[in-house]
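> Model the following, please.
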Amino acid sequence: MSLLKKLAGETALYGLSSILGRFLNYLLVPVYTRTLTKVENGVLTELYAYSAFLIVILSYRMESALFRFGTQEEDRERAYSTALLSLFASTLAITLGVLLAAQPLADVLAYSSHPEYIRWFALILAFDCLAELPFARLRLEQRPIRFVTGKLFNIGLTVTLNLFWLVFCPWAAKEGIGWVHYVWSPDIRVGYVFLANLISSSATFLYLFPQVRRFSWPVVDGLMWRRMLLYAAPLILVQFAGIINSMFDRAMQKWLLPGTPEENLANVGIYGNIYKLAMLITIFTQAYRYAAEPFFFRHANDANAPELQARVTKWFTIVSAIGMLGVLLYIDIVKYFLAEPYWVGLFMVPILLLANVLLGLYYNLSVWYRLKDKTHIGALISIAGALCTVLLNLWWVPKVGYVGSAWAALISYALMCLLAWSLGRKYYAVPYEFGRMGGYLLLVLGLYALSMWWKIVAPGQLVLSLVLNTVLFAGFLVMVLRLEKVQLKR
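Numbers count the residues shown, from 1 in each chain. Coordinates of the predicted model:
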């Protein structure tokens, strides 16, 4: 139980950077929409969408390979140095190629007059890629405070520079403050977003330089490099499939919905913003994964490792269920995160919340293929989920609208959970408490249904509804405490 307590503490620390990072990035949205044109916001959206795919190519999942081959202290230096040299060489070659071909690439992407966007973006991705392994080593060495400090430093500097160039400098220029023209030009505009990111990414790399300096030439191992590449290659497919699962719906709804282009874009906006209400679960899952991946590798050879993983998975489900119930029961307050025109899509919130819970559960159920070097099976599971997402979106969205995407996400993640569990029993049997975990999730849905029934019976009684929902939420917590009191006492 002390190991579970340690995992919970590390998850809380990693969660600090995730939660603050997402929150601060949300604060930049009104800044961008008020200081940049729609076309400039389109440039941001397009180029940062490409980054999700490009960072996979640049990093080729070497951080996961480091967790696999560098968990034991006697192998850590060799694995780290080998992976870091590989990333340095490949990143340098690719980045130089993009810098030399910036103008042709800008022509292809219809940014002929702004090849600097391509150059800046190439450098951003390069620094972000080279920071992956040092950050991974901090997680492997159980140094969450330095990890979180580095992440928050990156986020804080990015936000500060954005506010400086997009808000303060235009104001200062209007007020006649002369020195501002030495550090700001009204012609760069959206380029300042990229420059802010570039400066923060390069500064973060310098922050991580103590970890980079630990690179050692003599311990670079060609055989280990090949083993790490073979291990990581299927994970690239896994990550690409994951990107399809998370981005395909919003990318294709404009083309699949039956309305006019303007109507379809409006509906994409509704769906995308409703999806953000499910981000509480996603933020927790991301924080948990930062702590859990090295945790599982560190204890993979323990005699009680399967039982430990079962307990961790159960507690992950409990915390996710509590978060899901909190959002659902207090949706009348949570909805004010969005403007009123978006409330028409609130009926999708329980579907998307449950989908995100299943996505987190899938991560727990699929740990075995990393521990047992069966990453090719993990790739096949992810591909199956991605195909399910694509096919169901193509089938349902034209017929039932954006709610088809929500159901597609839920079914896809449920399929991936089923495949991960059923295939994992052969290689790494874990005594999961599915009855209790499923019971918690079903109870959450039941309490939400009871809350909705009360709204129908007593419409317009917001205060009474919130009181009832608070009683339901407290009752759920009390029940969890009573059922899990033995483990909690430990």
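> count of neighbours near the spatially closest residue to L105 that is not a sequence neighbour?
Leaving out its chain neighbours, the residue that sits closest to L105 by Cβ to Cβ, 6 or more residues apart in numbering is I118, at 5.0 Å. For the C-beta atoms, the positions are set from N, CA and C on the backbone; glycine is no exception. A total of 23 residues lie near I118 under the criterion other Cβ atoms under 10 Å.
> Secondary structure element holding I118?
Assigned by DSSP states H and E, I118 falls within helix 115-140.
> Which other helices and strands does that helix contact?
helix 38-59, helix 62-69, helix 73-100, helix 102-108, helix 144-163, helix 191-207, helix 209-212, helix 279-298 (3 or more Cβ pairs under 8 Å, 6 or more residues apart in numbering; DSSP states H and E).
> what would those look like in CSV with mean pLDDT and mean neighbour count?
Shown next, in CSV, are the helices and strands packed on helix 115-140 (pLDDT from 0 to 100; neighbours: other Cβ atoms under 10 Å):
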stretch, mean pLDDT, mean neighbour count
helix 38-59, 70, 15
helix 62-69, 80, 24
helix 73-100, 86, 17
helix 102-108, 88, 15
helix 144-163, 87, 18
helix 191-207, 92, 20
helix 209-212, 78, 14
helix 279-298, 71, 21
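> separation between the residue nearest to L105 and A93?
Distance of I118 to A93, computed by Cβ to Cβ, to the nearest Å: 17 Å.
> A474 too?
As judged by Cβ to Cβ, A474 and A93 stand 58 Å apart.
> same deal with M479?
Taking Cβ to Cβ as the criterion, M479 is separated from A93 by 57 Å.
> Then G323?
For G323, the distance to A93 (Cβ to Cβ) stands at 43 Å.
> Tell me how far the closest residue to V357 other than its chain neighbours lies from A420.
Excluding the flanking residues, the one nearest V357 by Cβ to Cβ, 6+ apart is S320, at 4.6 Å. For S320, the distance to A420 equals 16 Å [Cβ to Cβ].
> So which of those two has more stuff around it?
S320 (27 against 23).
> helix or strand for that one, which one?
Assigned by DSSP H and E, S320 falls within helix 305-329.
> In that helix, which of the residues would be classed as buried?
305, 308-329 (16 or more other Cβ atoms under 10 Å).
> right, and P306 touches A429 too?
Yes: applying Cβ atoms under 8 Å, one finds P306 in contact with A429, separated by 6.4 Å.
> so where's the stretch 351-490 of the chain shaky on pLDDT?
490 (pLDDT under 70).
> So I243 is in contact with I55, correct?
No: at 10.0 Å, I243 does not count as touching I55 under the criterion of Cβ under 8 Å.
> how's this structure carved up into domains?
17-220, 232-490 (automatic domain parsing).
> low-confidence ranges in the stretch 201-350 of the chain?
For the stretch 201-350 of the chain (pLDDT under 70), the answer is 213-220, 250-251, 254, 261-262, 265-266, 269, 287, 290-294, 299-301, 338-339.
> Please enumerate residues in contact with stretch 56-68?
Residues outside stretch 56-68 that contact it (Cβ atoms under 8 Å, 6 or more residues apart in numbering) are 79-80, 83, 86-87, 90-91, 94, 125-126, 129, 132-133, 135-137, 139-140, 228-229, 231-233, 235-236, 239-240, 243, 293-294, 297, 370, 373.
> try it again with 7 Å
Residues outside stretch 56-68 that contact it (Cβ atoms under 7 Å, 6 or more residues apart in numbering): 79-80, 83, 86-87, 91, 94, 125, 129, 132-133, 136, 140, 228, 231-232, 235-236, 239-240, 293-294, 297, 370.
> number of nearby residues for D332?
As a burial measure, D332 scores 14 neighbours (other Cβ under 10 Å).
> Okay, and it sits in which element?
Using DSSP H and E, D332 falls in helix 331-334.
> Following that helix in sequence, what is the next regular element?
Toward the C-terminal end, the helix or strand that comes next after helix 331-334 (DSSP H and E) is helix 349-365.
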